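Student: sequence first, predicted coordinates after that:
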Amino acid sequence: MKNTALTETHEALGAKMVSFAGYNMPVSYEGVNSEHETVRNGVGVFDVSHMGEFLIEGPNALNLIQKVTSNDASKLTVGKAQYSCLPNETGGIVDDLIVYRIKDETYLLVVNASNIEKDWNHISRYNESFHAEMKDISEGYSLLAIQGPKAVEAMQSITSVDLGAIKFYNFVVGDFAGIEHVIISATGYTGSGGFEIYCKNSEVKQIWDKVFEAGADFGIKPIGLAARDTLRLEMGYCLYGNDITDETSPFDAGLGWITKFTKDFVNSEQLAKEKEHGPKHKLIAFELDDRGIPRQGYDIVDGQGKTIGVVSSGTMSPSMGKGIGLGYVPKVFSEIGSKINIQIRKNAVPATIVKLPFYKV
């Protein structure tokens, strides 16, 4: 099991550590509800250094990225980022990712920790035709997510960059916490605003310490992966391995907005046909009408007790105080406001299909 550069720091803070995607990661410090509330109302810091980072460079870098990703990366200018996915050849998704344009011919791809090797092999196979320069820099870099409505105010004292001026899905390479050439990205997985900071492993401890010094008056706290999951689910953000997989298409998952047919990409011809005819299944969001906690793998059933789908993600929402979840059902059952049931052990708990996000910021 791998450690991040901050593992000892988390252990010293009393974090509960678990194995996640091959890494020893902090799942919680003082409890998911408290940590969740900190990010929703103040500012918290996640160590997400297990994420993967690939550099794609050279004259054919963009051509390669256009081939393997679903979104249109030609729209990116230097300083902008883009959410996208890697379609596979059979209609599913290899991974979802963020593409950053660092320089004219230099791109950074940020991928999920559990998929680093799979993604690298997939992209490399297509690169045999493009010969772009590829570097897997995952092992040498750390990633901190400083999230919450107070993030800008709390962090402004440790950078000369105007944090409030960085628009959503834009980034600046600048000084931060005494370190030069840090990527400060207005992105995140929480829906509460803030930044993600990319730096070298040798720099991250200094940044972590200065972040907590600067944020002390704002009630800053370290946050674990458990709260990261409840925060992203309240926003309806997909989690790879749960809501999107090698078997789910972008259109099943409601990701048609990042699937652009202005270019040729992996399996684009088949996906274009799917767009034309519409997906047979759809990822829905639901809230429980009665008490209960939905979990991944629970059956979704109709009024007669017939199984019509499955829960892909579920939790007790700390912000809303009710069970919420995502799941796949046939399109005919997917209308907003429709009533379904979630089979929680022996009980079919009534639920209502709702529009995302669950939590309105």
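Tutor: Yes, it's here.
Student: give the burial count for Lys67, as a bare number.
Tutor: 19 (other C-beta atoms under 10 Å). Heads up, the C-betas are built off the backbone N, CA and C, glycines and all.
Student: that one and Asn267 touch, don't they?
Tutor: No. Using C-beta atoms under 8 Å, Lys67 is not in contact with Asn267, being 10.9 Å away.
Student: specify the beta-bridge partners of Ile353.
Tutor: Phe286 (DSSP bridges).
Student: neighbours of it, just the number please.
Tutor: 20.
Student: Phe333 reaches Gly303, doesn't it?
Tutor: No. Using C-beta under 8 Å, Phe333 is not in contact with Gly303, being 10.9 Å away.
Student: more neighbours: these two, which one.
Tutor: More crowded of Phe333 and Gly303, by other C-beta under 10 Å: Phe333, with 18 against 10.
Student: tell me the contacts of that one?
Tutor: Contact analysis of Phe333 by C-beta atoms under 8 Å, 6 or more residues apart in numbering lists Ile284, Asp302, Ile308, Gly309, Ile340.
Student: if you set the cut-off to 6 Å instead, what comes out?
Tutor: By C-beta atoms under 6 Å, 6 or more residues apart in numbering, Phe333 lies in contact with Ile308.
Student: and it, how far from Ala285?
Tutor: 13 Å (C-beta to C-beta, to the nearest Å).
Student: again with Val152
Tutor: Val152 is 29 Å from Ala285, by C-beta to C-beta.
Student: higher neighbour count, these two?
Tutor: Ala285 (22 against 19).
Student: leaving out chain neighbours, which residue sits closest to the more buried one?
Tutor: Excluding the flanking residues, the one nearest Ala285 by C-beta to C-beta, 6 or more residues apart in numbering is Leu356, at 4.9 Å.
Student: need the three-state assignment for that neighbour.
Tutor: coil (DSSP: H, G, I helix; E, B strand; the rest coil).
Student: ok, it touching Glu234?
Tutor: No. Contact criterion C-beta atoms under 6 Å: Leu356 and Glu234 do not qualify, at 9.5 Å.
Student: quick one: low-confidence ranges for the protein?
Tutor: Judged against pLDDT under 70, the chain has no low-scoring part.
Student: again, only this time at 80
Tutor: 361 (pLDDT under 80).
Student: stretch 41-50: how far from the chain's middle?
Tutor: 13 Å (C-alpha atoms, centre = their mean, to the nearest Å).
Student: so what would you say the end-to-end distance of that stretch is?
Tutor: 26 Å (C-alpha to C-alpha, to the nearest Å).
Student: and the contacts of it?
Tutor: The contact list for stretch 41-50 (C-beta under 6 Å, 6+ apart) reads 4, 6, 21, 23, 38, 113, 142-148, 150-151, 154, 215, 218-223, 228.
Student: since that was my last question, I'll sign off now.
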